[in-house]
Structures are given as structure tokens and as C-alpha cells.
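J.: Sequence and predicted structure below; questions after.
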There are 2 protein chains.
Amino acid sequence: MPVGTAATVKGVHQRELNEDIKAEIILGNTYHLYLRPGLDTLEKAGGLHRFNGWQKPILTDSGGYQIFSLSDQRKLSEEGATFKSHIDGSKHFFSPENVMDTQRIIGADIMMAFDECTPYPCEYSYAKKSLGLTHRWLDRCISRFNDTQPKYGYEQALFPIVQGSVFKDLRIQSAEYIASKDCIGNAIGGLSVGEPAEDMYAMTEVVTTILPKEKPRYLMGVGTPANILESIALGIDMFDCVMPTRNARHGLLFTKRGIINIRNEKWKSDFSKLDEEGTTFADHQYSKAYLRHLLVCNELLAAQIASIHNLGFYLWLVKEAREQIIQGNFREWKNKMVQQVSQRL
Amino acid sequence: MPVGTAATVKGVHQRELNEDIKAEIILGNTYHLYLRPGLDTLEKAGGLHRFNGWQKPILTDSGGYQIFSLSDQRKLSEEGATFKSHIDGSKHFFSPENVMDTQRIIGADIMMAFDECTPYPCEYSYAKKSLGLTHRWLDRCISRFNDTQPKYGYEQALFPIVQGSVFKDLRIQSAEYIASKDCIGNAIGGLSVGEPAEDMYAMTEVVTTILPKEKPRYLMGVGTPANILESIALGIDMFDCVMPTRNARHGLLFTKRGIINIRNEKWKSDFSKLDEEGTTFADHQYSKAYLRHLLVCNELLAAQIASIHNLGFYLWLVKEAREQIIQGNFREWKNKMVQQVSQRL
């Protein structure tokens, strides 16, 4: 899922997402959307789809992660989280109930449960206590979800989130609790927050062993192309990450052959296509030297081109992974690709 | 001509320029292109068209205007202009001859003569002296142009530039001199540099009375929609201006009904199409409220959408003007439109 934090995937037109990148679903951030444009505007618009003109599915996170990573002076209680906006310092309160209501107003096709995303590193005792809160909050989310109706005439789903930091027993306990709720899909949170990749993979494996295979399993906030391939191997079906767009803005391009830092002098006179094997118009209409020039000049078009390329590549990567799984060649292909995509070109 | 200073129209893909905005020609800036990506890269690329993938015509200005508006410590002599780069302070020298050579390397379809663009206000004595230099430089430009060949297998044209500040006798003298050179098209420079609009129109009228009607007459750096319509009434055929893209980045939208400052609170919940009468996909796929939100959030997509809208509108405006001229209704239509497009909505 390309990340469209504030109702836009940065630097990319909805038409490009749809027709060139061929995204099937995008992510929005409840925390950002709640602050701007705000619920009043979103409700008057008839929801986020009507507001930004994206007609395919949207998943919104619950704000749990942003409250802990972006906002100031957050204060947690059993009831919910009080925090100050990172934009203007204004004070706000999120609870499991009002976060469900907010996502009803946003009209997300997939709503996420309100959780506490533990930081890394995190004491065992804190992670355990936090997990209890996250599970109690989940129950309140589910109640509110069941007690309310979609506002715009289409169904919405609710995904619960497994937490437990890097502690195996907590992850097991959480995965079992989440699985018992029998939701339509399940997510794994609290990873890709600074822990070593081995911990991330180990926790993912612990959890995917428990979460039902026949329902989508969503690993939140992951990751590099290699992270994604390894996690698919562990049973993950869904991902979101700012990396393809954020790194694009800094001139890092992910390709089938490895990673390109387009700022490097070596691309200055390389007039070959941006990515000969790329799937988007940007890969074939622009050269490496041209993109390098735009980036050096701080031109808007640099971010636009690189974002389209990276998102096109990420979408290709997961579609190809699916194809390889169907054909029974996934393991072999994955091992080769993980090497390839991690190289520096 | 949309302005593509550094080999890109800011925030707009070449595909959008071609297919959505339907630009027939874009402008590049010799000064900027010479500094970045530099002549070595442009020559290796096979010229600017190959470098940026724009296949329709390109016009490049000569750098005269930028040397006087952007660079530091410029020093003028009969031979040419020494200046320091606004990017890194490095020292450079432009002469009529090397500016022709540079535009040969860029591969502009229309090259502009190297001139001194007088500032406003400007003493009569300075303007007169400067005009002499501009005319002598023109002769050197024409010689060099005639002595050299295009590098990439297609013809290039050279347009001379009328100067003379806001002094009627100098403008007449310059227009007669320029007309005598019998170039394939002619330009009017040194206007839209801060003088009152009446002076700009008066000087334009003086000059268009003299420059041959059967050749394109290009008014450099103009202007607002109303400026463009009034100048067409005076016989102008070609324009370039940063206004549609620069103002777009600040949230100003030009429309058939007037000017919208999309930052205004009044558009916050206006979910109507960006421009019901607009010619581009952006006008119909996005709402005013959505664009306002993007601009308030400082999102890249704001500049992208507003730039496409404004360029689409400018291109519509000049195409419609042409249509009205052909149908014999131009005067009446122009008078109505000048009122309309100048209103604040």
C-alpha cells in the first residue's frame, strides 16, 4: 500500500497511482487526517474517497503509531491518549471509541484498531503492561465497531493489531488473543521501529504461525524490498511503507538490480532509461542523468519521477512474488532477489 | 510557452504538458541550463530535447535577462558580460558568440539573441547607450548564427529582441533596426520588468506597428491573462511567463471567471470541481476543498495540480483568442474576458 498520509501520496497524482503504478489500495493516516483537513470537512465531503478522488480501497491506521512518534506531551490512561498536535500544539484526545468513529467518518475500507505501539528498545515489564492495554482497547474498538454503521453505503472492515515488542511469549499471547477475535484480517504492529531485522523476522514468524492463514496478515510499516520478500516468505500478505516515496525524495531508487543513489556523480552522463525493466512511463521517458539533474537542482519533478518509479517497483515486486508463489518457485526466486535488490549500484 | 527554466516545467511531467495541457512549445533558460546540467552534459545527451524527453519545439532565452536579474557582480563590456553564478558564485562570461554556440548545443528550435535587458526605471541616456550595445551584439549574434550549423540534424531559428525601455523613440529605432534584419521571427524584451501596464501596452503598440505582421512577434515575460489578451489585441503572437506555474505554487488559480486564492477559508468545504470549465484532468478529478487542503499541508501535489490547472487555462486562453480572431469576434470577446479574468473570486 502506497502511503498517502494526508490524503495524498506525496508527489503522485491519483491517476498515476491508478493507471501507471497500478496500486490496488492506499493507506491514509487517521492522526493526520483528523488534524487536517479535519473530520468536519471529511464528513461534508462524504468521506476520504470523495475528498481525494481515489476510488479503490483505502486502509487507515488508527493513529496509535503517530501519537507515539509525532505528537508532543502524550499522556496515556486506561481511557485513551491525550496528546498535542505536532502542527499547532493544540490538545486532543483519542480513545478506542472515538478512533472507530473517526475512521467511520473517514470511510476507510479497512479500519485499524487503536493500540499502543511500543517503542524499541522497551522493557519487558512495560511491553507486557502495554499489551494488556492494547488488548482491552481492542475489545472496546470491536464493541464500538459493532455498535456503529458505515456512513457512506459500503462495508468497512476492522483489523486488530498484534503487539508485544520483541518478546516471544508476549507476541504469542497477543497473536492468540487477536486470532480469537475472528476479524476479517489481522495486523502485526510494533515492528520496524528500530529493532534488528532478525528480531523483526523472528517475531513475524512467531505471529504468522498463529494468525489464521486464510485471512490477510498485514505487517505494518515494513519495509525495504528485502524486508518485504523475507516477510512474504514468513506468510505476510499486506504491507505499507513510506520508504518508496520518502527515499525517492532523497534520490534513492529501488530496482530489480539493486539500489541507485541518483545523486552520485556516476549517473551524471548516464542517458540510459531510468529503469529499462521498470513498469511505469517514468522509467522509460526519463533518463538517469535527467533525474540526477532535477534532484541536484531541487526540482519538484525529481520527487515526482522517483516516487512513481519506486512505487511502480514495489508494486511489481509484490505482484511478482504472488506470481512466483502460484508457480511454486517463490523460495528460489526470493533468495536470488533478496541479494539482488539489496546491492548498491 | 510554459516556462521550463532548468529543463523542467516545475511540478509538471512532460506527458502532462503534451497530452493534458497540450503545450506546443516550451521555454528553457540558457543561463540556468548553462550552469546546470552544463553544456558538457547537454551535448553528450544530444541536446535538450533528448535530455528532457520533450519532443515538440523549445525556445531558449539568451541569458541576457537572467544575468541582470539573478547573477551577482555582473560586469558589462563591449565584448560581453562577466557574472557570478547565483548558485555557487563561480565566474562566467557570456558573449553574443558564445551564447549562440551555447544555444546550438542546447539545440533550441528557437534561439534568442544576446541582449542587455534594461531595468525599470532606467535613465534615457542609459537606455540609449544600452540599445546601441544590444544592436551591435545582435549583429555579432547573426554573424555567429550564420557561421555555425545545428548540431542535431534539425533547423534552428534566431529571433532578435527589440529593447529601448519605455522610450518611444528608442523603441521605434530598435524595432526598425530589428525588422531590417529580416529574421524569421522577432521579440520584444525589456517589458514586464516593473513598468506600469500602460507603458507596456504603449511600447508594445509602438513596436508591433513596425515589426512585420507576417512573422511571429513574441512579447517576452508577459504576463497575466489580461496582459496577454491586451497584447494579442496589439498584434503579439507569442508569450512566455512563469506566472501560471509560480502563482500556482502559491495557490493562485487563473480561471475564465476570475482569480481564485485557494488558501482562502471560503474554499474549505467547497467540494465542487477545481474548474468546471477547465480543460485538464486535474480540473475535473480534484475539488477546490481538496486542493486547499493540500496547499495548507504544504503537499507536493498542491503545486502539481495548480500548475496543471493554470497552464491548461493559459493554453485554453490563447487558443480561444486565436479562434475568436478567426471568427472575427476577438475585440468584443477580449473586452469581456479582460474584465472576467481579472476579478477576484
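T.: Nice, thanks for sending it over. Numbers count the residues shown, from 1 in each chain, chains lettered A, B, ... in the order given.
J.: Do you know the pLDDT at the residue nearest the centre of chain A?
T.: Per Cα atoms, centre = their mean, the C-alpha nearest to the average position across chain A is that of A:Asp240, at 2.2 Å. On the pLDDT scale, A:Asp240 is placed at 97.
J.: does it really touch A:Val9, like I thought?
T.: No - applying Cβ atoms under 8 Å, one finds A:Asp240 not in contact with A:Val9, separated by 11.0 Å. (Each C-beta comes from the backbone N, C-alpha and C, glycine too.)
J.: Show me which residues of chain A sit near chain B.
T.: A:6-8, A:10-15, A:36-37, A:40-41, A:44-46, A:50-53, A:268-269, A:271, A:281-282, A:285-287, A:289-290, A:293-294, A:296-297, A:299-301, A:303-305 (Cβ under 8 Å from any Cβ of the partner chain).
J.: switch the cut-off to 6 Å
T.: A:6, A:8, A:10-11, A:36-37, A:41, A:44-45, A:51-53, A:269, A:271, A:285, A:290, A:293-294, A:297, A:299-301, A:303 (Cβ under 6 Å from any Cβ of the partner chain).
J.: Mind checking which of the residues you listed are in helices?
T.: A:41, A:44-45, A:51-52, A:285, A:290, A:293-294, A:300-301, A:303 (DSSP state H).
J.: still on that earlier bit, tell me the contacts of the residue nearest to the centre of chain A?
T.: A:1, A:3, A:27 (Cβ atoms under 6 Å, 6 or more residues apart in numbering or on different chains).
J.: how far away is it from A:Ala248?
T.: 15 Å (Cβ to Cβ, to the nearest Å).
J.: so which residue of the stretch 101-250 of chain A comes closest to chain B?
T.: A:Arg249 (8.5 Å; Cβ to the nearest Cβ).
J.: from what I can see that residue touches A:Ile305, true?
T.: No - using Cβ atoms under 6 Å, A:Arg249 makes no contact with A:Ile305, being 10.8 Å away.
J.: Comparing these two, which residue is more hemmed in?
T.: More crowded of A:Arg249 and A:Ile305, by other Cβ atoms under 10 Å in any protein chain shown: A:Ile305, with 28 against 18.
J.: what helix or strand is the more buried one on?
T.: According to DSSP states H and E, A:Ile305 maps onto helix A:300-327.
J.: Can you name the element that comes right after that helix?
T.: Note on helix A:300-327: by DSSP H and E, the next helix or strand toward the C-terminus is helix A:330-342.
J.: helices or strands up against that following helix?
T.: Judged by 3 or more Cβ pairs under 6 Å, 6 or more residues apart in numbering or on different chains; DSSP states H and E, helix A:330-342 is in contact with helix A:225-233.
J.: Any buried residues in the helix it packs on, and which?
T.: A:225-233 (16 or more other Cβ atoms under 10 Å in any protein chain shown).
J.: and it, how far out from the chain's middle?
T.: 14 Å (Cα atoms, centre = their mean, to the nearest Å).
J.: could you give the angle of it to helix A:300-327?
T.: Counting by axes from the mean of the first three to the mean of the last three Cα atoms, to 10 degrees, helix A:225-233 lies at 30 degrees to helix A:300-327.
J.: now the angle from helix A:225-233 to helix A:330-342?
T.: Using the same axes, to 10 degrees: helix A:225-233 against helix A:330-342 is 170 degrees.
J.: Okay, now the sheet partners of the following helix or strand past helix A:225-233, with direction.
T.: Downstream of helix A:225-233, the first helix or strand assigned by DSSP H and E is strand A:238-239. According to DSSP bridges, strand A:238-239 forms sheet pairs with strand A:217-219 (parallel).
J.: List the contacts of the strand it pairs with.
T.: Strand A:217-219 has contacts (Cβ under 6 Å, 6+ apart) with A:186-188, A:208, A:211, A:231, A:235-239.
J.: tell me the average confidence for that strand?
T.: pLDDT averaged over strand A:217-219 gives 98.
J.: Please report the distance of the residue nearest to A:Thr255 when sequence neighbours are not counted from chain B.
T.: Distance criterion Cβ to Cβ, 6 or more residues apart in numbering or on different chains; nearest residue to A:Thr255, sequence neighbours excluded, is A:Asp275 at 5.3 Å. A:Asp275 is 14 Å from chain B, where distance means Cβ to the nearest Cβ, to the nearest Å.
J.: Could you report the pLDDT at A:Asp275?
T.: In this model, A:Asp275 carries a pLDDT of 98.
J.: Pull the distance from stretch A:238-246 to the chain's centre.
T.: The answer for stretch A:238-246 is 6 Å, by Cα atoms, centre = their mean.
J.: Show me which residues of that stretch are buried.
T.: Neighbour counts over stretch A:238-246 (16+ other Cβ under 10 Å) mark A:238-245 as buried.
J.: can you check stretch A:83-96 too?
T.: Judged by neighbour count (16+ other Cβ under 10 Å), stretch A:83-96 contains these buried residues: A:83, A:85, A:92, A:94-96.
J.: And these, which is closest to chain B?
T.: Using Cβ to the nearest Cβ, A:Ser85 is the member of the buried residues of stretch A:83-96 that lies nearest chain B, at 12.9 Å.
J.: Could you report the distance from the residue nearest to the closest one when sequence neighbours are not counted to A:Ala6?
T.: In this structure, A:Ser85 finds its nearest non-sequential neighbour in A:Leu35, 5.5 Å apart by Cβ to Cβ, 6+ apart. Per Cβ to Cβ, A:Leu35 is found 9 Å from A:Ala6.
J.: same deal with A:Glu299?
T.: Using Cβ to Cβ, A:Glu299 is found at 22 Å from A:Ala6.
J.: now swap in A:Glu79 and tell me
T.: 27 Å.
J.: same check, this time on A:Ile260
T.: Distance, A:Ile260 to A:Ala6, by Cβ to Cβ: 28 Å.
J.: Tell me how many other residues surround A:Asn329.
T.: If we define neighbours as other Cβ under 10 Å, then A:Asn329 has 12 of them.
J.: got the phi/psi numbers for it?
T.: phi -110, psi 10 (degrees, to the nearest 10).
J.: give me every residue that touches A:Leu39.
T.: A:Leu39 touches A:Ile105, counting by Cβ under 6 Å, 6+ apart.
J.: secondary structure class for it?
T.: Using DSSP: H, G, I helix; E, B strand; the rest coil, the structure places A:Leu39 in helix.
J.: Of all pairs in the contacts of strand A:217-219, which one spans the longest distance?
T.: A:Leu211 and A:Phe239 (15.0 Å; Cβ to Cβ).
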